[in-house]
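A.B. asks: Here is my input; please provide its structure:
(2 chains)
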Amino acid sequence: MQPPDTTIPIVEARGVSKRYGPTTALHEAHIQVFAGESHALVGRNGAGKSTLVGILTGLRAPDSGQVLFSGVTAPAISDREGWRKHVACVYQHSTIIPDLTVAENLFINRHPTERGFISWSTLRRRAREVLDQWGVNVSEDARAGDLRIEARQLVEIARALSYGARFIILDEPTAQLDGDEIKRLFTRIRELQAAGVTFLFISHHLQEVYEICQAVTVLRDARHIITAPVADLPKDRLIEAMTGEHVHLGVSDAAGRTVPESAAVALEIDRLSGEDFQDVSFSIRRGEVVGLSGPTGGGRIGLAEAVAGLAPYSAGAIRIDKKPLPSGDVTAALELGVGCVPKSRHDQGLVLTQSVADNAIMTVNRHLGPFGFIAPKRRAELTNRTISSLGIVTQGPDQLVSGLSGGNQQKVVMGRALANNPSVLVLMDPTAGVDVKSKEALLTVIERMRQEGKAILVVSSEIEDLRTCDRVLVMQHGSVVAEHKAGWSDNALVASIEGIELA
Amino acid sequence: MNTQPTATAATLNAGAKPAPRRPMIRLHDLALLPALLILIVIGAFISPAFLTQGNVNTILTSSAALALVVLAESLIIITGKFDLSLESTAGFAPAIGALLVLPVANNGFGIELPTFVGILIVIGVGALIGFINGILVVRFTLNAFIVTLAMLIILRGMLVGATSGRTLFDLPDAFYALMIITFLGLPLAVWLAALAFLVAAIVLRYHRLGRALYAIGGNPEAARAAGIRVERITCGVYILAGMLAAVGGLVITGYVGAISANQGNGMIFTVFAAAVIGGISLDGGRGTMFGALTGVLLLGVVQNLLTLAQVPSFWIQAIYGAIILGALMIARMASGKAQT
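C.D. replies: Next up, the predicted model:
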């Protein structure tokens, strides 16, 4: 499958940079994708992949640099039609409208008409043609929402191709598929590739990169690191390119410290099973920080939510300071002394329409005065202490949290978790989407809480978060599959989290 | 486990600067005052009777029932839900109480329960309706709009059915008590509504249940994660709102002097208008009792003005609606925020 012209890339980005306020999302990055290849784009969270995809699909304008399609400068950002003829992205979240038929999804907003009315027969015929042309074996009359996920992705690809694009970006296409579905999808991708379609493939599963791609580009910290043929880049070098020399935050590393055997066990998880994890047992002592990592969907979030009372568990037991925690009862968890930073601060962490004070004291409202009344003085004391001890930058306790920066919002969530002086802390992605300074501040708080003798569970796949941990448990398919004592090498841990074997 | 809230490791920075005192009423709560003032000025020009003691009393008296139902609706909207059926609760609950008390000769059921039991039943019926709404919305996770719309229609029909469409007269005095008994020149109903608003304002600001309503309306998932019993509290708010609407119904009964088969009919539109004009966000999680109260007073003044200005009765509704729209726009401009 030699493409016609291998000297001019079908897509090229040259020296593109993008900043969002103080954060650099992409700095002087470049990428060349040649016709007929499947090109992998890899990098850890925050490396700049989605920004680059946004620029390549014309959804975001770069601050500097340019994008070329087959050597020609890309259309203006406002010319959506022009971009559609060159490139399309199949996102993790489907852009198919489930209640419409496959045919209508294919021709949405460009329905063929006759005398101003939609001609349904033409629409169905043309949809059939598109599906047949690209060998997508689904009925044009099927309700799109009834299709399997992989079929839905193929419909999206076919739709993109019908606009004339021959360059398709696949954003984590396998994230929601099981083994057989992935195999079928890959077969189809290879067939389409043979028919002249070029793919940019984004995946967290490095194994898949080796399986399906010919070239790979690595981004790290908003910069382009390397582009190479997959065959020339063995796994250990790929991981090295992704992690790089470690940037040291001013946070103490857990390596070299030990938790005294005499420290009491604060959190005990005993043969616990739930929706997406089975038979997990471990315990955390006072003054110990344990990391819980693994691929998305590996069960770490489900387990952590069970400990915080946010999700029910089906079998086993959780004991906080030797007292059993009932299943799925947040109030009971709070009373037993569990503090929690939930997975998403916007979904579960904060009430954006309320003030910093209201959010910070939400977990302890019932203890702030007689008969459930909130004594203004204690409310102010508590809030001010939270603000100062966590270094929250805010106009005051009455500012709405929606007006705070991401880092400061996350600190408010942390404050909420700490307000009831918990003995067990469950922190899910505690530094997700915050700037470096806030990250450092939040990690310092974890260290301080450790010294105070709290048992801390850090649920994350961020290397920097996990560096604070005395040991890191890796969960896959709902079970703990590995344990790394502090002092692990970045490469070994990342390999373990990403689920690949180092040769 | 130490449940004393000690705020983190207050080890760092002991020198926290004192927080500025929270004002009891914030600027955007006052958004409606300009509109209210304009209306009062207009009123003074239109009729010399407008600013007299007697007329002010009239405005307050005629607004008391609306105030109670608006209070009920505001609590529900702040929690992020809806209750359309409050208007028929305001008709149905007093009617059931009355029917159980009245003899057959007066169109009652002839059970002739003691009057005070009848009054208790009025409030109990309100609570029961609220409970049913709450269960359907919370436990069965049905859409609040549709559930309470259906309830509105059911109750309206049951009221017509139970009274055979007739108006109930000659009720025991207790049914009129809220209007008959006066204190400092104003009927009990006005004092009751004022007290209810005061208590609600205090609870919403200074009690954990009040703060929980805002949290649930703003983000129920975050509220749940903070240990707030979202379902229980939401259901409780429906029950409370039903009871308040039932009392509001008694106020109407006292004001009118009878219970007609369409008591409360169409009231819900005015209720929503007052709440929204008063800054209660239909998205939930935002709004204050002071704002809602200014919304009620504004509509009360408008109603009163239209009467004093001798607007032909056939045109009153159209003008009333136009003024509601105008008030919304003024409030929008004054607060700089959308009155959603």
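A.B. asks: ok, the nearest residue to A:Ala317 once chain neighbours are set aside - how many residues close by?
C.D. replies: Nearest non-adjacent residue to A:Ala317, counting by Cβ to Cβ, 6 or more residues apart in numbering or on different chains: A:Asp270, 4.6 Å away. Backbone N, C-alpha and C define where each C-beta goes, glycine included. A count of nearby residues for A:Asp270, using other Cβ atoms under 10 Å in any protein chain shown, gives 15.
A.B. asks: again, but for the one 5 residues further on
C.D. replies: The burial count assigned to A:Glu275 is 15, neighbours taken as other Cβ under 10 Å.
A.B. asks: rewinding a little: which strand or helix spans the residue nearest to A:Ala317?
C.D. replies: strand A:265-274 (DSSP states H and E).
A.B. asks: what ranges of the chain fall below the confidence cut-off?
C.D. replies: Picking chain A for this. Under the criterion pLDDT under 70, the flagged ranges of chain A are A:1-6, A:45, A:245-252, A:500-503.
A.B. asks: wait, I meant chain B there
C.D. replies: Ranges of chain B meeting pLDDT under 70: B:1-29, B:334-340.
A.B. asks: So which residues of it form helices?
C.D. replies: Taking DSSP state H as the test, the helices found in chain B are B:33-46, B:53-78, B:86-101, B:115-134, B:144-163, B:177-180, B:188-206, B:208-218, B:220-225, B:230-256, B:267-277, B:289-308, B:313-335.
A.B. asks: which residues does B:Leu297 contact?
C.D. replies: Counting by Cβ atoms under 8 Å, 6 or more residues apart in numbering or on different chains, B:Leu297 makes contact with B:Leu36, B:Ile59, B:Ser63.
A.B. asks: out of those residues, which is most surrounded?
C.D. replies: B:Ser63 (25 neighbours).
A.B. asks: So for the strand holding A:Asp270, what gets flagged as buried?
C.D. replies: A:Ala266, A:Leu267, A:Glu268, A:Ile269, A:Leu272, A:Ser273, A:Gly274 (16 or more other Cβ atoms under 10 Å in any protein chain shown).
A.B. asks: Against A:Ile301, how distant is the last one?
C.D. replies: It stands for A:Gly274. Distance of A:Gly274 to A:Ile301, computed by Cβ to Cβ, to the nearest Å: 10 Å.
A.B. asks: repeat for the second one
C.D. replies: When Cβ to Cβ is the yardstick, A:Leu267 and A:Ile301 sit 17 Å from each other.
A.B. asks: now swap in the first one and tell me
C.D. replies: A:Ala266 sits at a distance of 21 Å from A:Ile301 (criterion: Cβ to Cβ).
A.B. asks: do B:Gly287 as well
C.D. replies: B:Gly287 is 34 Å from A:Ile301, by Cβ to Cβ.
A.B. asks: got it, and B:Ile153?
C.D. replies: Note on B:Ile153: its distance to A:Ile301, by Cβ to Cβ, is 44 Å.
A.B. asks: More neighbours: the two, which one.
C.D. replies: Taking other Cβ under 10 Å, B:Ile153 and A:Ile301 do not tie; A:Ile301 has more neighbours (22 against 13).
A.B. asks: Helices along the stretch 1-150 of chain A, start to end?
C.D. replies: A:49-56, A:80-84, A:102-106, A:120-133, A:149-162 (DSSP state H, counting those that start in this stretch).
A.B. asks: okay, those helices in JSON lines with distance to chain B next?
C.D. replies: Formatted as JSON lines, the helices of the stretch 1-150 of chain A follow (distance: least, Cβ to the nearest Cβ, whole Å):
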{"stretch": "helix A:49-56", "distance to chain B": "24"}
{"stretch": "helix A:80-84", "distance to chain B": "29"}
{"stretch": "helix A:102-106", "distance to chain B": "27"}
{"stretch": "helix A:120-133", "distance to chain B": "32"}
{"stretch": "helix A:149-162", "distance to chain B": "25"}
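A.B. asks: Give me whichever of those is most buried.
C.D. replies: Highest mean neighbour count of the helices of the stretch 1-150 of chain A: helix A:102-106, a mean of 25 (counted as mean count of other Cβ atoms under 10 Å in any protein chain shown).
A.B. asks: and that helix, how far from the chain's centre?
C.D. replies: The chain centre lies 29 Å from the centre of helix A:102-106; the measure is Cα atoms, centre = their mean, to the nearest Å.
A.B. asks: List the contacts of the closest residue to B:Leu102 other than its chain neighbours.
C.D. replies: The shortest distance from B:Leu102 to any non-neighbouring residue, by Cβ to Cβ, 6+ apart, is to B:Gly108 (2.6 Å). Counting by Cβ under 8 Å, 6+ apart, B:Gly108 makes contact with B:Ala98, B:Leu99, B:Leu100, B:Val101, B:Leu102, B:Leu168.
A.B. asks: Out of the residues you listed, grab the one that's most surrounded.
C.D. replies: Ranked by the number of neighbours (other Cβ under 10 Å), the contacts of B:Gly108 place B:Ala98 first, at 30 neighbours.
A.B. asks: Report the contact partners of that residue.
C.D. replies: B:Gly108, B:Gly118, B:Leu168, B:Leu171, B:Phe175, B:Thr253, B:Ile259.
A.B. asks: can you rerun that using 10 Å?
C.D. replies: Shown in contact with B:Ala98 (Cβ atoms under 10 Å, 6 or more residues apart in numbering or on different chains): B:106-109, B:115, B:118-119, B:121-122, B:162-163, B:168-172, B:175, B:250, B:253, B:258-259.
A.B. asks: which among the residues you listed end up buried?
C.D. replies: B:107-108, B:115, B:118-119, B:121-122, B:162-163, B:168, B:171-172, B:175, B:250, B:253, B:258-259.
A.B. asks: wait, isn't B:Thr234 in contact with B:Ala144?
C.D. replies: Yes - using Cβ atoms under 10 Å, B:Thr234 is in contact with B:Ala144, at 9.4 Å.
A.B. asks: which residues are common contacts for the two?
C.D. replies: The contact sets of B:Thr234 and B:Ala144 overlap at B:Ile76, B:Thr79, B:Gly80, B:Lys81, B:Gly134, B:Val137, B:Val138 (Cβ under 10 Å, 6+ apart).
A.B. asks: chain center to stretch A:352-359, what's the gap?
C.D. replies: The mean C-alpha position of stretch A:352-359 is separated from the chain mean by 26 Å, Cα atoms, centre = their mean.
A.B. asks: what sits against the residue nearest to A:Ala317?
C.D. replies: A:Asp270 makes contacts with A:Asp279, A:Val280, A:Ser281, A:Phe282, A:Ser283, A:Ala315, A:Gly316, A:Ala317, A:Ile318, A:Arg319, A:Pro324, as judged by Cβ under 10 Å, 6+ apart.
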